[in-house]
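Colleague: need a 3D model of the sequence below.
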Amino acid sequence: MARLAVELGHDDAVALARCGHTLAHLVGDVDSGVRLVDGALSLNLNLALAWWSSGWLRAFRGQSDAAIERFAHARLSPLDPELFRMRAGTGFAHLLAGRFNEASSWAEKAAGDLPNYLSAVSVMAAANALAGRTAEARRAMLHVRQLDPLLRLSNLQNLYPIRRPEDFAVWSDGLRKAGLPE
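Modeller: Model prediction:
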């Protein structure tokens with residue numbers, strides 16, 4: 001359906017950005033997602049949706065600093081209702097880059113915007129665990145388990161299409177240390 005939407009909306013920046021994010025996140029085709037989101041940005045450089053989608057996709061590809069730049073660009077308006085996505089994504093990119101304090105700080109901001117956003121809460125859990133803040137990590141993991149009781153280390157790869165094994169190792173190690181079961 002996303003590919004059909006691209007055919008029909010090849011000149012629609014919103015369609016390209018949504019389809020790119022969908023293909024990457026749900027199908028695991030991150031490279032096609034990046035191409036589509038970049039196409040959306042070539043049509044409309046002011047589309048925050050395309051900037052934050054580009055940020056997530058760059059993080060999935062292991063390009064943490066590029067992801068953080070895109071999230072910063074997406075935060076053009078402090079009143080954007082999608083601000084929680086940008087903040088959580090910034091935290092996720094910092095986590096994969098090994099900057100655990102920054103990751104935790106951004107994830108806490110995102111959770112402040114939307115307390116039940118699994119992405120934000122899981123980044124908080126992993127970042128705090130990797131930073132040695134066990135109590136904070138365990139509290140966040142309790143919340144993760146309430147939000148998604150079926151999430152396990154064994155099915156963690158279904159949450160995000162992380163491309164680089166070393167990035168997935170950081171992510172899973174942090175969640176393991178926070179208490180995510182096998």
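
Colleague: the nearest residue to residue 133 once chain neighbours are set aside - how many residues pack around it?
Modeller: In this structure, residue 133 finds its nearest non-sequential neighbour in residue 104, 7.5 Å apart by Cβ to Cβ, 6 or more residues apart in numbering. Heads up, the C-betas are built off the backbone N, CA and C, glycines and all. Neighbours of residue 104 under the rule other Cβ atoms under 10 Å: 26.

Colleague: low-confidence stretches in this structure?
Modeller: Scanning the chain with the threshold set as pLDDT under 70 gives 1-10.

Colleague: could I get the full set of helices for it?
Modeller: According to DSSP state H, the chain carries its helices in the segments 2-8, 13-22, 30-43, 48-60, 64-74, 83-96, 100-113, 118-130, 134-147, 165-178.

Colleague: if we can go back for a sec, go ahead and confirm the residue nearest to residue 133 touches residue 127.
Modeller: Yes: with contact defined as Cβ atoms under 8 Å, residue 104 counts as touching residue 127 (4.0 Å).

Colleague: anything in contact with each of these two?
Modeller: Listed as contacting both residue 104 and residue 127 by Cβ atoms under 8 Å, 6 or more residues apart in numbering are residue 91.

Colleague: and the closest residue to residue 33 other than its chain neighbours, what does it touch?
Modeller: Spatial nearest neighbour of residue 33, chain neighbours left out: residue 24 (3.0 Å); criterion: Cβ to Cβ, 6+ apart. By Cβ under 8 Å, 6+ apart, the contact set of residue 24 is 30, 32, 33, 34, 56, 57, 60, 161.

Colleague: and if we set it to 6 Å?
Modeller: 30, 33, 57, 161 (Cβ atoms under 6 Å, 6 or more residues apart in numbering).

Colleague: in CSV, list those along with neighbour count.
Modeller: Below are those laid out as CSV (neighbours: other Cβ atoms under 10 Å):
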residue, neighbour count
30, 23
33, 29
57, 30
161, 20
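
Colleague: for the nearest residue to residue 180 once chain neighbours are set aside, give me its contacts.
Modeller: In space, residue 180 comes closest to residue 153 once its chain neighbours are excluded; the distance is 5.6 Å by Cβ to Cβ, 6+ apart. Neighbour list for residue 153: 172, 176, 180, 182 [criterion: Cβ under 6 Å, 6+ apart].
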